[in-house]
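In: coords please:
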Amino acid sequence: MIKARFIHFIWPLVLLSAFTLVKEMDSYRRVDNRSFGEGERLEYKIHVGLLNAGRSTMHISDMIYQLNDRPCFKIDVTGKTVGMFDFFIRVRDQWGSYLDTTAILPHKFYRNIEEGRYRKYEVVDFDHDLDTAIVSKLDKHTRRLKEQIGYKVPNNTQDLVSGYYYMRTIDYSQVEEGDTLTVPAFFDDENYDFKTRFIGRDVIKTKLGKVRALELSPVMPENSIFDGGDAIRIWLSDDQNKIPLKVKAKMFVGAVEIDITDSYNLKAPLARID
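Out: The predicted model follows:
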């Protein structure tokens, strides 16, 4: 049986899987972003073999928000179970980030996790001048503040959501096959160096047609969830958008796949092959 929290493990790893290391700077960096903007929406199907297990969306708000006197995208990522998985597991997860439109860095991250009887609600506020993260843990019943803890984080640290969008600004024409990309990130009260290996280029079939793709594989440590060091493969569109098209994850309990089903308000046409 699939573990009750499989979406909680899979989707954050997708988001963390293809970051790249950035140089330390004394002030906010400027990142050239031509890949995404307000109103973009991506939709996915999660399945185990032939069984439809869940749905996921990634959505950028139509509005620009102001946090710390900086303009920000508001991004929400949701995941939920469907069908018989919803009956046995019932997952309703939401991750979100307020992402600096110029620096492509998070100012605030939040997650609302509801998986079976498990609940977790928290907010993380980032200060990139002081390189700190303030984690506010909320009561699982009232969602009122229960505990607040400060952490020191590396320069230009990403969260689960913001790191994915930063990944989309990378120029992969400058990355060689076999190269490993690394980025500092903060999750679950810890700093991590996440690494991803660039496999190469491919063409894959999707609901949106045949699309040219970039193939990557996170460098996985030994764990009890995924089967092997190359357990996860990710395909991004090989175009200006660089949206995730497909994910394959080999788990000890079975193979899980995530496939794109629809996209809205992309910056550029997908790299379809007729």
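
In: can you tell me the distance between the two ends of stretch 211-231?
Out: End-to-end distance of stretch 211-231 (Cα to Cα, to the nearest Å): 23 Å.

In: What of stretch 127-139?
Out: Calculated as Cα to Cα, the first-to-last residue distance of stretch 127-139 is 24 Å.

In: where does the stretch 151-274 of the chain dip in pLDDT?
Out: For the stretch 151-274 of the chain, the stretches with pLDDT under 70 are 220-230, 251-254.

In: residue ranges for the strands of it, please.
Out: Ranges of strands in the stretch 151-274 of the chain, per DSSP state E, counting those that start in this stretch, are 180-187, 190-206, 209-218, 232-237, 244-251, 254-264.

In: so the fifth one versus strand 232-237, what angle?
Out: In other words, strand 244-251. The directions of strand 244-251 and strand 232-237 differ by 170 degrees, with axes from the mean of the first three to the mean of the last three Cα atoms, to 10 degrees as the criterion.

In: what's strand 244-251 packed up against?
Out: When contacts are defined as 3 or more Cβ pairs under 8 Å, 6 or more residues apart in numbering; DSSP states H and E, strand 244-251 packs onto helix 6-16, strand 190-206, strand 209-218, strand 232-237, strand 254-264. Any C-beta I mention is one placed from the backbone N, CA and C, and that applies to glycine too.

In: looking at the strands of the stretch 151-274 of the chain, which is buried most?
Out: By mean neighbour count, with neighbours taken as mean count of other Cβ atoms under 10 Å, strand 232-237 ranks first of the strands of the stretch 151-274 of the chain at a mean of 23.

In: For that one, give me every contacting residue.
Out: Applying Cβ atoms under 8 Å, 6 or more residues apart in numbering, the external contacts of strand 232-237 come out as 13-14, 17-18, 167-168, 199, 202, 204, 211-218, 220, 226, 242-250, 270-271.
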